[in-house]
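>>> pasting the structure only:
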């Protein structure tokens, strides 16, 4: 009979899978509890491009972003499925006032004058990930290392202590319910997918007054975005929003004008009002993990960073737990839920 796990990772998106892999490869007995297949998580919807968007300057985030950039660049060179290092152009409408706080993480950022309406243009290399093959690769890596995947849902985060002494909350938006944290809320994002006419460079115009605009090529399609709608729960694509996204992206990259639409996607990024709570670790209390969306932002408001911090979020290789919310049970175990094998 298999012994009780050392660690239960709750959540099967990119953060949960990465944490589970890191912990298992360091020798911990790890179970991954996921309500859905990786392809059904919000991670699978993401454009998945390294860039600290909507993120305030924070030394911790810079460290995590740097580690993630380094690791994904290594994976791209190693041929990991779905990972590509792409040249990126970031167009700025505000006057240039010096390098952004995250510039050092890229290692190759340069600036040049922009053409109206842009004041400057940043160029750097950013790792990008096609999430479906990458999530599958992470899951296979975990199970091949002896990790076990359980398919079920918890009613509360503390129910996980029936399965392991340490629980890692990587549930994204569900953390609000699992940890009784009303500050956790969604930030809706809508994308349009079109056929790739031969593009290889990502282009961003986040200061577009008509709405955030980005073009991210992949092997067989191009991700056009997007929206950043705090507090919106609707996961149905809005045709009007899709049309506006496409129009902005075609204006930015005219080569997209005749690219046929392949689909629309909507995802709910996890965010938290008031920033991160304490690091947790308190006597098995769910409250210690409130806000455990493990994708965090700088001070003030936290929203989903996902790929931009996935390397820094799962730093089990150094025995660290800085952004993953980890709770240890220091009380007698209560009867927990029965889970399907």
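Here it is on my side, so go on. Predicted, not measured: the structure shown is a model, and the values here were computed from it. Numbers count the residues shown, from 1 in each chain.
>>> check what pLDDT residue 218 gets.
pLDDT recorded at residue 218 is 95.
>>> OK, contacts around it?
Going by Cβ atoms under 8 Å, 6 or more residues apart in numbering, residue 218 touches 84, 128, 130, 196. Glycine gets a C-beta too; all of them are placed from N, C-alpha and C.
>>> if we go to 6 Å?
Residue 218 makes contact with residue 130, according to Cβ atoms under 6 Å, 6 or more residues apart in numbering.
>>> now do the helices in the stretch 101-250 of the chain.
103-106, 131-144, 175-178, 239-252 (DSSP state H, counting those that start in this stretch).
>>> which stretch in those has the least confidence?
Among these, helix 175-178 carries the lowest mean pLDDT (a mean of 92).
>>> may I see the buried residues of it?
175, 176, 178 (16 or more other Cβ atoms under 10 Å).
>>> same check on stretch 159-179?
Buried residues in stretch 159-179 (16+ other Cβ under 10 Å): 159-176, 178-179.
>>> distance between the ends of it?
Distance between the two ends of stretch 159-179: 11 Å, counting by Cα to Cα, to the nearest Å.
>>> flag the shaky bits of this protein, pLDDT-wise.
For the chain, residues meeting the criterion pLDDT under 70 lie at 1-2, 275-341.
>>> in it, which helix has the most residues?
helix 59-78 (DSSP state H).
>>> show me what it is packed against.
Counting contacts by 3 or more Cβ pairs under 6 Å, 6 or more residues apart in numbering; DSSP states H and E, helix 59-78 packs against strand 83-92, helix 103-106, strand 120-129, helix 310-313.
>>> just give me the closest of the buried residues of helix 175-178 to residue 148.
residue 178 (20.5 Å; Cβ to Cβ).
>>> the closest residue to that closest one other than its chain neighbours: how many residues sit nearby?
Nearest residue to residue 178, sequence neighbours excluded (Cβ to Cβ, 6 or more residues apart in numbering): residue 157, at 4.3 Å. Around residue 157 there are 29 other residues, counting by other Cβ atoms under 10 Å.
>>> cool, residue 25 as well?
Neighbour number of residue 25 under other Cβ under 10 Å is 16.
>>> quick check: closest non-adjacent residue to residue 48.
Residue 48 sits nearest to residue 129 (Cβ to Cβ, 6+ apart), 4.1 Å away.
>>> kindly state the beta-bridge partners for that neighbour.
When bridges are called by DSSP bridges, residue 129 pairs up with residue 83.
>>> I'd say it and residue 83 touch.
Yes: here residue 129 reaches residue 83: they are 5.4 Å apart, a contact under Cβ atoms under 6 Å.
>>> common neighbours of these two, please.
Counting by Cβ under 6 Å, 6+ apart, nothing touches both residue 129 and residue 83.
>>> between the two, which is the more surrounded one?
Using other Cβ under 10 Å as the criterion, residue 129 and residue 83 rank with residue 129 on top: 27 against 22.
>>> now do that one against residue 86, distance only.
10 Å (Cβ to Cβ, to the nearest Å).
>>> next: residue 126.
Relative to residue 86, and taking Cβ to Cβ, residue 126 is found at 6 Å.
>>> more neighbours: these two, which one.
residue 126 (23 against 18).
>>> can you map out the strands along the stretch 151-300 of the chain?
In the stretch 151-300 of the chain, strands defined by DSSP state E, counting those that start in this stretch lie at 164-169, 184-195, 202-205, 213-217, 221-225, 229-230, 261-273, listed in chain order.
>>> tabulate the ones you listed (TSV), appending distance to residue 10.
Putting those into TSV (distance: least, Cβ to Cβ, whole Å) gives the following:
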stretch	distance to residue 10
strand 164-169	6
strand 184-195	14
strand 202-205	32
strand 213-217	29
strand 221-225	28
strand 229-230	24
strand 261-273	13
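>>> tell me the most buried of those strands?
Most buried of the strands of the stretch 151-300 of the chain, by mean neighbour count (mean count of other Cβ atoms under 10 Å): strand 164-169, with a mean of 25.
>>> for it, name the packing helices and strands.
Using 3+ Cβ pairs under 6 Å, 6+ apart, strand 164-169 sits against strand 5-10, strand 325-328.
>>> between that strand and strand 5-10, how many degrees?
Angle of strand 164-169 versus strand 5-10, following axes from the mean of the first three to the mean of the last three Cα atoms, to 10 degrees, is 20 degrees.
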